[in-house]
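In: Take this sequence and fold it.
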Amino acid sequence: MRILITGAAGFVGQHLAKVLLNDEEGRHTVILTDVIEAPIPKGTKWPQNAKSIKADLLAGSQNVVDEGLDAVFVFHGIMSSGSESDFDLGMKVNFDATKALLEVLRQTCPGVRVIYTSSQAVYGGDIVEPVTEATRPTPESSYGCEKIMCEYLITEFARRGFIDGLILRLPTVSVRPGKPTAAASSFLSGIIREPMQGLPCVVPLKDRAYRHWLCSPRILVTNLVHSLTIPREALPGYDRVVNLPGIGVTVQDMMDSLARVGGQDKLQYVSEEDDPKLKPILYSWPTLFDNTRALGLGYVRDTSFDDIVRDFKDSLGSA
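Out: Below you'll find the model as predicted:
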């Protein structure tokens, strides 16, 4: 397959590209695009099957789209707290650039599979749990609003036959490697990532019962690749949304896993301090999902947070 990945310099884009380029038979050609030069992942079997294109999608989507595309993964975006602090930038990157890309796709390669990564941030307010795809989105952040706007646009393009759209509402991904991001949920990786490397992490709320729905990088990419196989007719044209499977974990659960897998001494690097700007965003998100639709489509979930921490510990050893 010939696959385009936007936001490809980011963690998810790089991780997915590496998996695709390690396909046993070298069946995939991967085009990586971002506003910076997206590196071709190292240690792959088929690096010659990849190319990187630096582009601003709002002004230059036509430079990264060609008639031979089989699938597009849409990962680009400004994260939650970043969108909240700069409305214009968030709207430009998260919505306007996505719309520009979709317009070029429908003209250049109509019917192409477009896999859009949305977020549980589309939910907010007084929500009855467990959340399903039928739960009405009521975002309480600019990021969530921009995501649901894109969801409706992609659904309309799919209904009209312009694209073969699939919308995946992702759980928070933990543990992400690298550095903290502008996401309000960044600490949900930092609480493991930083202490495991002898670095401090500040949890932005003093509430160890705070619960969040998340998945590991390994399971996320497994599910992203699986999305390439979902038949178009598996979902109705007017409803292209799937809540990807996750597990519910509290701050205390995460600290307990850190101690069990990383060592009791790692807890000294974790501190807790209420952040009045982040708390309203964090508490607006639901904590329990019914993933019946996703599991019925063949998507999978993590089994425990201890395993997620072990994955990250193993990655440090490999690095």
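In: how far away is residue 139 from residue 66?
Out: 34 Å (C-beta to C-beta, to the nearest Å). Placement of C-beta: from N, CA and C, glycine included.
In: Those two: which is more packed in?
Out: Between residue 139 and residue 66, residue 139 has the larger neighbour count (other C-beta atoms under 10 Å), namely 20 against 12.
In: Wasn't the more buried one part of a helix?
Out: No: looking at residue 139 with DSSP: H, G, I helix; E, B strand; the rest coil, it is coil, so not inside a helix.
In: That one contacts residue 145, doesn't it?
Out: Yes: using C-beta atoms under 8 Å, residue 139 makes contact with residue 145 at a distance of 4.7 Å.
In: Check which helices and strands the helix-or-strand element of the chain with minimal mean pLDDT sits against.
Out: Every helix and strand in the chain was compared by mean pLDDT, DSSP states H and E; the lowest is helix 80-85, with a mean of 86. In terms of contacts (3 or more C-beta pairs under 8 Å, 6 or more residues apart in numbering; DSSP states H and E), helix 80-85 is packed against helix 87-90, helix 142-159, helix 279-283.
In: Go through these and name the closest to residue 61.
Out: When the helices and strands packed on helix 80-85 are compared by C-beta to C-beta, helix 142-159 sits nearest residue 61, at 13.9 Å.
In: Give me the distance between the closest one and the centre of its chain.
Out: Taking C-alpha atoms, centre = their mean, to the nearest Å, one finds helix 142-159 lying 15 Å from the centre of the chain it belongs to.
In: List of residues touching that helix?
Out: 78-80, 82-84, 87, 90-91, 94-95, 98-99, 102, 106, 114, 116, 118-119, 121-124, 137, 139, 163-165, 167, 237-241, 284 (C-beta atoms under 8 Å, 6 or more residues apart in numbering).
In: Provide the contact partners of stretch 272-290 at residue level.
Out: Around stretch 272-290, the neighbours that count as contacts under C-beta under 8 Å, 6+ apart are 80-81, 84, 120-121, 123-125, 127, 129-132, 135, 140-141, 144, 171, 184-185, 202-206, 208, 210-213, 243, 245-246, 248.
In: Mean neighbour count and mean pLDDT for the helices and strands packed on helix 80-85 - can I get that in CSV?
Out: Shown next, in CSV, are the helices and strands packed on helix 80-85 (neighbours: other C-beta atoms under 10 Å; pLDDT from 0 to 100):
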stretch, mean neighbour count, mean pLDDT
helix 87-90, 14, 96
helix 142-159, 21, 97
helix 279-283, 17, 89
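In: possible to save those as a markdown table with distance to residue 228?
Out: Output for those, formatted as a markdown table (distance: least, C-beta to C-beta, whole Å):
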| stretch | distance to residue 228 |
| --- | --- |
| helix 87-90 | 29 |
| helix 142-159 | 16 |
| helix 279-283 | 32 |
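In: Compare those and give me the one nearest residue 222.
Out: Residue 222 lies closest to helix 142-159 among the helices and strands packed on helix 80-85, at 22.4 Å (C-beta to C-beta).
In: returning to what we had before: show me which residues of the least confident helix or strand of the chain are buried.
Out: For helix 80-85, burial by neighbour count (16 or more other C-beta atoms under 10 Å) applies to 80, 81, 82, 83, 84.
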